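# predicted structure and sequence below. I'll ask about it afterward.
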Amino acid sequence: MKKREVHIVGNWKMNQSLHEISQFFIEMTKMKMELKCKAWIAPQAIHIPILKEMAFTTGSIYIGAQNCSQFDSGAYTGEISPASLADLGVEFVIIGHSERRAIFGETDEVLNQKLLACLKHNLKVIFCVGETLEERQNNQTFKVVEKQLLEGLKNLPQDKAHLLMIAYEPVWAIGTGKVATAEEAEEVHAFIRSQLAYHKDSTIILYGGSVKPDNIGSLLQKDNIDGALVGGASLKPQDFKQLCTSASVLM
Ligand code: PGA
């Protein structure tokens, strides 16, 4: 039995056509899952309303966003407002994914503003942290994660802290097929938990980076690993279902 509810979160990134999305939900409906874990999906923002409708028919899949603006409204062409996400009934937002940090230059300061903007609208946030390969090889993992947490979670209001989840995603494990061992991940998860100012015991901490149906079991055995943020293996309904089934067994 896990101490906290297990969450399987699919990060679809910039993938899935409309046809693939409807196939995904047709298959998911056919499989009639008995979900004991939480199953969440973050599609491309443009697909959120469609997914919300389709997920409604399958029942228990929650839909979120992969990113949002730090601003509520105004002259910010191309941005996604957290207020509009809340309006749409979006359940959660991923903030600080390493692709946002590395490709789009999002700094700890901006990510902190985005986090606070989401919390203001009572959106749940999956806040991502993780070191690069070079940082790991130079024994900087804890230092890097500590800084990302310190700066990213600055001024976290105590009365909104229950909306926060953390995802530990070592950059070297994302999309590379190189998964951190369960021991390597657990060590960082325990460290992250020790750094939290509020709800140390109840905060969900996900692992992400090349999670697949065949390696999720050993990761979820660890005390401080409460689920997974999954890219590639969340795109196919069979894989997603298998991930959720492995997680449900532990609940
Ligand atoms: P991956 O991606 O599962 O394809 O490694 C994880 C992520 O980027 O969240």
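Done, it's in.

# need phi/psi at residue 39.
For residue 39, the backbone dihedrals are phi -110, psi 120 (criterion: degrees, to the nearest 10).

# pLDDT below threshold where in the stretch 51-200 of the chain?
Applying pLDDT under 70 to the stretch 51-200 of the chain flags residues 59.

# which residues in it form helices?
All helices of the stretch 51-200 of the chain, identified by DSSP state H, counting those that start in this stretch, fall at 82-88, 98-103, 108-120, 133-137, 141-152, 182-195.

# most tightly surrounded among these?
Mean neighbours per residue, mean count of other CB atoms under 10 Å, is largest over these for helix 108-120, with a mean of 20. Placement of C-beta: from N, CA and C, glycine included.

# which residues sit against stretch 229-243?
Residues outside stretch 229-243 that contact it (CB atoms under 8 Å, 6 or more residues apart in numbering): 8-13, 15-16, 20, 23-25, 27-28, 31, 33, 39, 41, 94, 126, 128, 167, 169, 174-175, 206-208, 210-213, 216, 228.

# mind putting the helices of the stretch 51-200 of the chain into TSV with distance to residue 223?
Formatted as TSV, the helices of the stretch 51-200 of the chain follow (distance: least, CB to CB, whole Å):
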stretch	distance to residue 223
helix 82-88	32
helix 98-103	25
helix 108-120	26
helix 133-137	22
helix 141-152	18
helix 182-195	7
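
# can you put these in a markdown table and add distance to the ligand?
Converted to a markdown table, the helices of the stretch 51-200 of the chain look like this (distance: least, CB to the nearest ligand atom, whole Å):
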| stretch | distance to the ligand |
| --- | --- |
| helix 82-88 | 19 |
| helix 98-103 | 7 |
| helix 108-120 | 15 |
| helix 133-137 | 14 |
| helix 141-152 | 15 |
| helix 182-195 | 13 |
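
# out of these, nearest to residue 162?
Closest approach to residue 162 among the helices of the stretch 51-200 of the chain (CB to CB): helix 108-120, 10.0 Å.

# angle of the closest one against helix 141-152?
Put simply, helix 108-120 runs at 60 degrees to helix 141-152, going by axes from the mean of the first three to the mean of the last three CA atoms, to 10 degrees.

# the stretch 151-251 of the chain: strands as residue ranges?
Here the stretch 151-251 of the chain has its strands, by DSSP state E, counting those that start in this stretch, at 164-168, 205-208, 227-230.

# from the contacts of stretch 229-243, list just the buried residues.
Neighbour-count burial (16 or more other CB atoms under 10 Å) applied to these gives 8-13, 16, 24-25, 28, 31, 33, 39, 41, 94, 126, 128, 167, 169, 174, 206-208, 210-211, 213, 216, 228.

# now residue 141: closest residue in space, sequence neighbours ignored.
residue 131 (4.6 Å; CB to CB, 6 or more residues apart in numbering).

# wait, residue 27
Excluding its sequence neighbours, the residue lying closest to residue 27 (CB to CB, 6+ apart) is residue 237, at 3.7 Å.

# need the pLDDT of the residue in the stretch 101-250 of the chain that the ligand sits nearest to.
When scored by CB to the nearest ligand atom, the stretch 101-250 of the chain has residue 231 as its residue closest to the ligand, at 2.4 Å. According to the prediction, residue 231 has pLDDT 97.

# near it, how many other residues are there?
A count of nearby residues for residue 231, using other CB atoms under 10 Å, gives 20.
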